[in-house]
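S.K.: Would you be able to build a 3D model of this:
(chains A and B)
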Amino acid sequence: MRLIGDKGMRWILLGVALSAIASLLTIALFIFHEGLPFILRVGPREFLLSSEWDPQSGHFGIYPMIVASLWVTLGGMLVGAPLGIAGAIFLNEFCPRPLTRIIKPTIELLAGIPSVVFGFIGVMVLAPVIRQYLGGPGLSVLAASIVLGIMILPTIMSISTDALAAVPNSFREGAMALGATRWQSVHMVVLKAARTGIVASVILGMGRAVGETMAVIMVAGNAVKVPHSPLDSARTLTANIALEMGYATGQHRQALFATGVVLFVVIMALNTVASLAARRRAGAA
Amino acid sequence: MFRSAIRSGCLAAAASLAALGLAGCGKARESVTVAGSTAFQPFAEKLAEQYMADHADASITVQGGGSAVGVQSALSGAAQIGMADLVSLPPEAKALTAVAVARDGIALVVNPRNPVSDLTTDQVRGIFNGQITSWKDLGGEDHAITVVSREAGSGTRSSFEDILTGVKLTKEAIVQDSNGTIRETVANDASAIGYLSHGLISGKVKAVTVDGNPCTTEAIMARKYALVRPIYLLTKGAPAGAAKGFIDYILSQAGQDLIRKDGLIPAR
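M.R.: Okay, here's the model as predicted:
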């Protein structure tokens, strides 16, 4: 240990820490280097707003995929956010301690299930039920939304629980001293105090939903068209890249990288918003 | 301090890499890499196993990746032999030597509950173009047709569209990325129609006859069934060495019998 010394160790650790940032930069640089020239050549308008995607005949419009990604993510939020937040409130405010000790690890276990498994259950159970009772092909925006909602549940729930737990007990005691019932103190005081943390949890969940690929490919049906109803099949940005990557050469390959650029920008924006929200919370506390 | 630590680390890494390289090169076996078509991949693996059992000096590695990868890696030299299952090879493949080693039928499959069991090529074209949208128009029940297709770039899809000619896939089509998932989707959806490699038909789906001809080995051998694609092995220049040996083995009686036994149609 004398060989390296205190100072040397610091430099080594700095190098290791920088390598993480370097890999992020390399990835970003690579994606933009491969994708951006293509977007500029085809024209951002054509690429982002045309709904004609036919690589074989040189049509590259990802508008249907952008819309599909938004729909599927929004759907996932509609399923996952209320469940996750309600679950967090119950766990933190109403649940008896011994029960919490069983429920919380179980929910966190959900985060460890591989996405292929979620996709598989979606294909085998969810899609046939949707097809039978609601119509359409079954593999649809709705199926993808439900699967994504369940997948992001642990993220939203655990971060929201932390946000709620960070609210000082004096807030609850103060509310009760003023004559509020338990529920009143929760929704009028505690939720307001934990608001930014809950928002951050939802945005992080959203980031995961936008980026999810495998499960979505399996349950969304991947049709290249703008979905008009939740029962329509749709292809997300991530699915578009993963489905065609194996075959793509030349322009087609660049178009997929360009799809990656769009996805990268969307996810970066979401993460920035989430970290801003989290920082405001830290500032307020 | 920091510099020297890094430098010694690099040296150690370089030394270990060199050691690995030496160990790898130690054996005097001639190695051949075969890459490409996922439809032919399982057959190539079996053939390679047989070939290596007879030729102890050859080492054959089989990789998938799809027909486009087969063409690309044969061109770039990443693989000595590329596999492609395309009706019309892309223009860049002109520089390669192509040998047809087998043929594969593309079966049209529907759900077993679907009463429709014969389609004409015109009807198939209409379904995949999106002009025919209900099974009622084809003598079936009054259900909307769920068209299931492969992704753009797939060898099966481009062969299918090349043979039918004039197909511009309907935007309503559901896209699945392998023969297996196509089969599952069709098996689960009573109003679905899809296409897949003829060797992969199972009891879960029903293959329909096209223009009255069933998708069977006999009908394909008799050249009656229309939807058939060749499987090519591609080499840069004429095949030589172990690559030539392997291709010759595939074309031999023993190799062709093995291909036939597992559900493909031999080339000769």
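S.K.: Can you report how many residues neighbour residue 141?
M.R.: Defaulting to chain A. 26 (other Cβ atoms under 10 Å in any protein chain shown). To be clear about C-beta, it is placed using only N, CA and C from the backbone, and glycine gets the same treatment.
S.K.: my bad, the chain I had in mind was chain B
M.R.: B:E141: 14 neighbours (other Cβ under 10 Å).
S.K.: From chain A, how far out is it?
M.R.: 14 Å (Cβ to the nearest Cβ, to the nearest Å).
S.K.: For the closest residue to that residue other than its chain neighbours, list the residues it contacts.
M.R.: Nearest non-adjacent residue to B:E141, counting by Cβ to Cβ, 6 or more residues apart in numbering or on different chains: B:W135, 5.5 Å away. If you count contacts by Cβ atoms under 8 Å, 6 or more residues apart in numbering or on different chains, B:W135 has them with B:114, B:116, B:141-145, B:191.
S.K.: A:M218 now?
M.R.: A:116, A:119-120, A:122-123, B:181.
S.K.: element containing it, please.
M.R.: Using DSSP states H and E, A:M218 sits within helix A:214-220.
S.K.: Tell me the first helix or strand C-terminal of that helix.
M.R.: helix A:237-244.
S.K.: Return the distance of the residue nearest to B:E141 relative to B:V116.
M.R.: From B:W135 across to B:V116, the span is 6 Å (Cβ to Cβ, to the nearest Å).
S.K.: Closest residue of chain B to chain A?
M.R.: Distances between chain B and chain A by Cβ to the nearest Cβ are smallest at B:G153, namely 2.8 Å.
S.K.: Isn't that residue up against A:N240?
M.R.: No - taking contacts as Cβ atoms under 8 Å, B:G153 lies outside contact range of A:N240: 11.8 Å.
S.K.: Those two: which has the busier surroundings?
M.R.: A:N240 (29 against 21).
S.K.: Can you check the pLDDT for that one?
M.R.: Per-residue pLDDT puts A:N240 at 93.
S.K.: List the residues that contact it.
M.R.: A:53, A:62, A:65, A:256, A:259.
S.K.: Which ones among those lie within helices?
M.R.: A:65, A:256, A:259 (DSSP state H).
S.K.: before we move on, back to that, and the gap between the residue nearest to B:E141 and B:S159?
M.R.: Relative to B:S159, and taking Cβ to Cβ, B:W135 is found at 25 Å.
S.K.: Please name the spatially closest residue to residue 266 (chain neighbours excluded).
M.R.: Here I'm looking at chain A. Leaving aside its chain neighbours, A:V266 sits nearest to A:V210 (6.0 Å; criterion: Cβ to Cβ, 6+ apart).
S.K.: that answer is for a different chain, and I need it for chain B
M.R.: Using Cβ to Cβ, 6+ apart, the closest residue to B:P266 is B:Q256 (3.9 Å).
S.K.: neighbours of the one you found, just the number please.
M.R.: Neighbour tally, B:Q256, other Cβ under 10 Å: 19.
S.K.: can I assume B:E92 is in contact with B:G70?
M.R.: No - if you go by Cβ under 8 Å, B:E92 and B:G70 don't touch, sitting 11.9 Å apart.
S.K.: Spell out which residues of chain B are next to chain A.
M.R.: Within chain B, the positions adjacent to chain A are B:1-2, B:5-6, B:65-69, B:72, B:146, B:151-154, B:158, B:168, B:171-177, B:181, B:184-185, B:188-189, B:192 by Cβ under 8 Å from any Cβ of the partner chain.
S.K.: and with 7 Å instead?
M.R.: B:1-2, B:5, B:65-66, B:68-69, B:72, B:146, B:151-154, B:171-175, B:177, B:184, B:188-189 (Cβ under 7 Å from any Cβ of the partner chain).
S.K.: Can you tell me which of the residues you listed end up in strands?
M.R.: B:65, B:146, B:174-175 (DSSP state E).
S.K.: By neighbour count, which of the residues you listed wins?
M.R.: If you count neighbours using other Cβ under 10 Å, the busiest of those is B:V175, which has 29 neighbours.
S.K.: and the gap between A:A200 and A:V72?
M.R.: 21 Å.
S.K.: which one of those two has more residues nearby?
M.R.: Neighbour totals were compared for A:A200 and A:V72, and A:V72 leads with 32 against 24 (other Cβ under 10 Å).
S.K.: picking up where we left off before, using JSON lines, please lay out the ones in strands among the residues of chain B next to chain A together with pLDDT.
M.R.: Shown next, in JSON lines, are those (pLDDT from 0 to 100):
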{"residue": "B:G65", "pLDDT": "81"}
{"residue": "B:T146", "pLDDT": "93"}
{"residue": "B:I174", "pLDDT": "92"}
{"residue": "B:V175", "pLDDT": "92"}
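S.K.: By proximity to chain B, which residue of the stretch 101-250 of chain A wins?
M.R.: A:Y247 (2.8 Å).
S.K.: Can you check my assumption that B:Y195 lies in a strand?
M.R.: Yes - per DSSP: H, G, I helix; E, B strand; the rest coil, B:Y195 lies within a strand segment.
S.K.: That one contacts B:F160, correct?
M.R.: Yes - judged on Cβ atoms under 7 Å, B:Y195 makes contact with B:F160 at a distance of 5.5 Å.
S.K.: Which one (most neighbours) among the ones in helices among the contacts of A:N240?
M.R.: Neighbour max across those (other Cβ under 10 Å) = A:T259, 27 neighbours.
S.K.: Contacts only, for the closest residue to B:A219 other than its chain neighbours.
M.R.: Using Cβ to Cβ, 6+ apart and skipping the chain neighbours, the partner closest in space to B:A219 is B:Y225 (4.2 Å). By Cβ atoms under 7 Å, 6 or more residues apart in numbering or on different chains, the residues touching B:Y225 are B:105, B:210, B:213, B:215, B:219.
S.K.: Secondary structure element holding B:Y225?
M.R.: Going by DSSP H and E, B:Y225 is not in any helix or strand.
S.K.: Please read off the pLDDT at A:C95 from the model.
M.R.: A:C95 is given a pLDDT of 89.
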